[in-house]
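Undergrad: Here is my input, please return the structure:
(chains A and B)
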There are 2 protein chains.
Amino acid sequence: MAKLLVRDLAQAVSPAGTQAALRGREAMRSLDVVEDAYVLCDDGRIAAVGRMSDLGRVEGEVEELDGSGCAAIPGLVDCHTHAVFAGSRVGEFELRSGGATYEELHAAGGGILSTVSATRAAGEQGLAEALALHRSWMLASGTTTFEAKSGYGLDRETELAMLRVVRDAGGSPTWLGAHAVPPEFDDADAYLDFALAEVLPEAAKLAEAADVFLERGAFDAVQARRYLEACRAAGLRLRLHADQFTEGGGIPLAAELGAVSVDHLEATGPDGVKTLAASDVAAVLLPVAALFLGRPMPPARALVDEGAIVALATDFNPGSAFCESLPLVAGLACTQMQMAPAEVLAACTVNAAHVLGRADRAGRLAPGYDADIVLLDASDWRYLPYHLGGNHIAQVIQGGKPTA
Amino acid sequence: MAKLLVRDLAQAVSPAGTQAALRGREAMRSLDVVEDAYVLCDDGRIAAVGRMSDLGRVEGEVEELDGSGCAAIPGLVDCHTHAVFAGSRVGEFELRSGGATYEELHAAGGGILSTVSATRAAGEQGLAEALALHRSWMLASGTTTFEAKSGYGLDRETELAMLRVVRDAGGSPTWLGAHAVPPEFDDADAYLDFALAEVLPEAAKLAEAADVFLERGAFDAVQARRYLEACRAAGLRLRLHADQFTEGGGIPLAAELGAVSVDHLEATGPDGVKTLAASDVAAVLLPVAALFLGRPMPPARALVDEGAIVALATDFNPGSAFCESLPLVAGLACTQMQMAPAEVLAACTVNAAHVLGRADRAGRLAPGYDADIVLLDASDWRYLPYHLGGNHIAQVIQGGKPTA
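TA: Numbers count the residues shown, from 1 in each chain, chains lettered A, B, ... in the order given. Model prediction:
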């Protein structure tokens, strides 16, 4: 494989340090910025980042890419998506926009179970095609590492198919076996009996983590504990959807079980912030979902300032966040959650990679990391969050290869 | 000029009716939707829209464009931008995101006067180049008709240069002579003496409308009246920035003077809504500015339901809305202001064209209108607002010619 030399960059920017996760205002705001820079990639990894004036002769076959006028940042990492789904909920979006109630949406056939129905009907090939389309959107907006969850199958065949298509697409698969109770079960406990006995053994071979939706109307704290303990025993890392609408005990449960993250946190109060800051559980914030549903934003400023591990993600899904754009998430984090741009970059790169257990490979522009690089057609990388709804993605390099 | 036939469209969608402006829930939600459609353009105008099955033989030289899988909507109309500016305020964005106060921003050299300084220094050619870049972004996001204001010059030479570059770029120029008081004047009245005596006579030959920023710290209602009356006497249509931070009497003043629009309205209460609904003054809503500054959203639902003429725009500017994307505005209008997708389409097309006095030419996909058409790579046009931060713009046709 030829080397790739990205040359004459206006700047190359990376979260500083070597820690697997960055905590606190000072660490999250520390960037390594090299002006008039090059990035050399070799065999899919970053070999060197430096100033053009320090660039010596590069041996062997070298492909060169002109980065003039561009800023380079690490490939973005989306650590929370539901990118495998079939069907469309644009009609539901229209009804909700125009003021329809939750009951009216259900009567019109909307809601998560409509996606379950379409996803079950799609077949594994159909799901792979849907993910390929969504993946192309993600890549075009700078995401080079992604997680995607199951949870729209809720039967054995479809859940496993969802996990396979994520794995086969190079993503990090999460078994969201406890997303909702499917219509063929009368209650959550009976469904969990089935899921843990019939799906978990195979899901544990495919997935890297397990996830549960802990919320009124979904799974309660007792059920979430049962699900997560079984998944942990099967070797999966643990994650929780928690505190989206109500504080339901997800944070203390996550801390007790040693979960890698709790995600959402729109309803989290000061005690939850303190518990997270004192733990190794990452807070994954999803501002687009808050925006889509008209919820308050999660307490990002307090989480960062008190020292929690903070990551950002899209929550890309057809119901509550039809958005795969981490650049838009970055802009919302700056404007709606008072995060500084450097904090946002850390939250979309190194900290998100940490949530996926890939912090040794993804999230930094530094030697030894995967050669996943985004070139922005701006000489200052901060245009990424500043230019709301803009498109500064000039080129995305994945594994040392330009993708466009 | 050859004809252009856009064929095999999944759908062609246009606000219904022939009125210059649409008012009220029912009218704004009425769309003409043709499935399996074609659009025929001739000599820069739309000649016909219909079903493929009704397409007869087209005489003469015809260029064909395959619209398979695409939805066609009218080219979008951005009726409120500050797209002519020089310099960058990304540093100010970073400071504000991280929690800096207004005073700290000013101490760091931020604020509108930093843009005035850079804009004065850019020269007319520099301003033309800046607008060309911004115009290319706007076109890429589907905007085929745009307004842009002066107001970053605040001296004779730069104000007139700004208006010329907008006119030369095919935009609708608005003289925002009363945007701020420049540093060389001690007070607003002294500045207005100068602007009305020295700039207005030439500005009136270049601009299509005049605009004033009626707000604490800018111009008060007495000064706004003086400015607007002089501009009206010079033949300009009238617009106001009003009720952004405080209700300052802009709405009754607009109604009394017969202004074409009041823009912003984040602070407007029920009385202002009623006054607008009973008048012919359009309400131009700018949700990105509200989002950027953490302001409440304007009362869109009440304005539509009570029958005001409602338009949407980006407010594209470097300080409070670095965003040229009407698709993002559309998504925010649906999710943050409870507007239905069809209302949003009317507000970004026909009603925005009305604000610019171009409703006879722009804003509809119907015979006789300018052949400005956006093709979305979605078979359902509602993906435009639904897909937040997504990019569904497959092709933009302006004056009957594909632009990409």
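Undergrad: tell me which element the residue lying closest to A:Val304 once chain neighbours are set aside is part of?
TA: Nearest residue to A:Val304, sequence neighbours excluded (Cβ to Cβ, 6 or more residues apart in numbering or on different chains): A:Val310, at 5.3 Å. (Glycine included, C-beta is placed from N, CA and C.) Using DSSP states H and E, A:Val310 sits in strand A:310-312.
Undergrad: now that strand, how far from the chain's geometric center?
TA: 9 Å (Cα atoms, centre = their mean, to the nearest Å).
Undergrad: which helices and strands sit right next to that strand?
TA: The contact analysis (3 or more Cβ pairs under 8 Å, 6 or more residues apart in numbering or on different chains; DSSP states H and E) places strand A:310-312 against strand A:282-285, helix A:300-306, helix A:326-336, helix A:341-348, helix A:350-355.
Undergrad: hmm, 6 Å instead?
TA: Strand A:310-312 is packed against strand A:282-285, helix A:341-348, helix A:350-355, with contacts defined by 3 or more Cβ pairs under 6 Å, 6 or more residues apart in numbering or on different chains; DSSP states H and E.
Undergrad: Figure out which of these is closest to B:Glu129.
TA: Across these, B:Glu129 has its closest neighbour in helix A:341-348 (26.3 Å, Cβ to Cβ).
Undergrad: Need the residues that contact that closest one.
TA: Under the contact criterion Cβ atoms under 6 Å, 6 or more residues apart in numbering or on different chains, helix A:341-348 has outside partners A:15, A:22, A:28-29, A:31, A:76, A:304, A:310-312, A:326, A:330, A:333, A:382, A:385, B:94.
Undergrad: Pick the one among those closest to B:Asp271.
TA: A:Ala333 (36.4 Å).
Undergrad: on that earlier part again, check contacts around the residue nearest to A:Val304.
TA: By Cβ under 6 Å, 6+ apart, A:Val310 lies in contact with A:Ala283, A:Leu303, A:Val304, A:Ala347.
Undergrad: What I need now is the residues you listed written out in a markdown table, including neighbour count for each item.
TA: A markdown table is the format used below for the contacts of A:Val310 (neighbours: other Cβ atoms under 10 Å in any protein chain shown):
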| residue | neighbour count |
| --- | --- |
| A:Ala283 | 31 |
| A:Leu303 | 25 |
| A:Val304 | 29 |
| A:Ala347 | 33 |
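Undergrad: Tell me where the model's unsure across the stretch 101-250 of chain A.
TA: A:102-103 (pLDDT under 70).
Undergrad: can you pull out the helices in it?
TA: For the stretch 101-250 of chain A, the helices defined by DSSP state H, counting those that start in this stretch cover A:102-107, A:112-140, A:156-168, A:188-194, A:200-206, A:221-233, A:250-257.
Undergrad: Next, the buried residues of the last one.
TA: Residues of helix A:250-257 classed as buried: A:Gly250, A:Ile251, A:Pro252, A:Leu253, A:Ala254, A:Ala255, A:Leu257 (neighbour count, 16 or more other Cβ atoms under 10 Å in any protein chain shown).
Undergrad: Look up the pLDDT of the second one for me, please.
TA: It refers to A:Ile251. pLDDT, A:Ile251: 98.
Undergrad: Determine the number of other residues adjacent to A:Asp42.
TA: Around A:Asp42 there are 19 other residues, counting by other Cβ atoms under 10 Å in any protein chain shown.
Undergrad: so how far is B:Arg225 from it?
TA: Distance, A:Asp42 to B:Arg225, using Cβ to Cβ, to the nearest Å: 69 Å.
Undergrad: Across the sheet, point out what pairs with the residue nearest to A:Val304.
TA: With DSSP bridges applied, A:Val310 shows beta-bridge pairing to A:Ala283.
Undergrad: Read off the pLDDT value for it.
TA: 98.
Undergrad: and it, how far is that from A:Ala27?
TA: Between A:Val310 and A:Ala27 the distance is 11 Å, computed by Cβ to Cβ.
Undergrad: likewise A:Gly400?
TA: 28 Å.
Undergrad: if you count what's nearby, which of those two comes out ahead?
TA: The neighbour comparison of A:Gly400 against A:Ala27 (other Cβ under 10 Å) goes to A:Gly400, with 22 against 17.
Undergrad: dump the residue contacts of that one.
TA: Applying Cβ under 6 Å, 6+ apart, one finds that A:Gly400 lies in contact with A:Leu4, A:Cys41, A:Gly44, A:Ala371.
Undergrad: rerun at 8 Å
TA: If you count contacts by Cβ atoms under 8 Å, 6 or more residues apart in numbering or on different chains, A:Gly400 has them with A:Met1, A:Lys3, A:Leu4, A:Cys41, A:Asp42, A:Asp43, A:Gly44, A:Arg45, A:Ala371.
Undergrad: got it, and A:Arg7?
TA: By Cβ under 8 Å, 6+ apart, A:Arg7 lies in contact with A:Tyr38, A:Met52, A:Leu55, A:Glu64, A:Leu65, A:Asp66, A:Gly67.
Undergrad: Near chain B, which residues of the stretch 301-404 of chain A are found?
TA: Contacts of the stretch 301-404 of chain A with chain B, taken as Cβ under 8 Å from any Cβ of the partner chain, map to A:301, A:321-325, A:327-328, A:334-336, A:338-341, A:343, A:380, A:382-383, A:385-391.
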